[in-house]
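S.K.: Need the 3D shape of this:
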Amino acid sequence: MKSSIALTVLAVLAAALAGCHSNKAEPTTFGSVSWNPTPDVQTLDERPIDIDAHIAAANDHDLRNFSHDLGRVFYTDHPSRLSPFPITYTSGQPR
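M.R.: Here you go, the predicted structure:
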């Protein structure tokens, strides 16, 4: 038991002494940064992942609007007014 605790403490100590080390072959220089100071930004203020998220949200919005438009085209967005029975509007907004 004592030997496993000692090995654990030794491993943690070795990891702490090792620290963070970068194995980059080329250090960051002014020339490597000056030609593209914002490599992660594709437009003036968005990364590619932000652009993809906005496109996905716009496509989702467009598809929902298209579904709503189809309901209006085929007159399925409200009950038929040709019914001989009184129409009860469940949305709370009378038409």
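S.K.: Can you report how many residues neighbour residue 44?
M.R.: Neighbourhood size, residue 44 [other C-beta atoms under 10 Å]: 6. For glycine as for every other residue, the C-beta is placed from the backbone atoms N, C-alpha and C.
S.K.: mind listing what it touches?
M.R.: Residue 44 makes no contacts at all, as judged by C-beta atoms under 8 Å, 6 or more residues apart in numbering.
S.K.: Could you report the pLDDT at the residue with the largest distance to the centre of the chain?
M.R.: For the chain, the largest distance from the centre (C-alpha atoms, centre = their mean) belongs to residue 84, which lies 50.0 Å off. In this model, residue 84 is scored at 77, pLDDT.
S.K.: got it, and residue 12?
M.R.: We have a pLDDT of 76 for residue 12.
S.K.: so which helix or strand takes in it?
M.R.: According to DSSP states H and E, residue 12 maps onto helix 2-18.
S.K.: next structured bit after that helix?
M.R.: Helix 2-18 is succeeded, C-terminally, by helix 30-34 (DSSP H and E).
S.K.: circling back to that earlier point, quickly note the distance from the residue farthest from the centre of the chain to residue 77.
M.R.: Relative to residue 77, residue 84 is positioned 21 Å away (C-beta to C-beta, to the nearest Å).
S.K.: same question, residue 45
M.R.: Distance of residue 45 to residue 77, given as C-beta to C-beta: 38 Å.
S.K.: again with residue 35
M.R.: Note on residue 35: its distance to residue 77, by C-beta to C-beta, is 55 Å.
S.K.: Same check on residue 91?
M.R.: 10 Å.
S.K.: Settle it for me: which of the two has more neighbours?
M.R.: Neighbour totals were compared for residue 91 and residue 77, and residue 77 leads with 12 against 7 (other C-beta under 10 Å).
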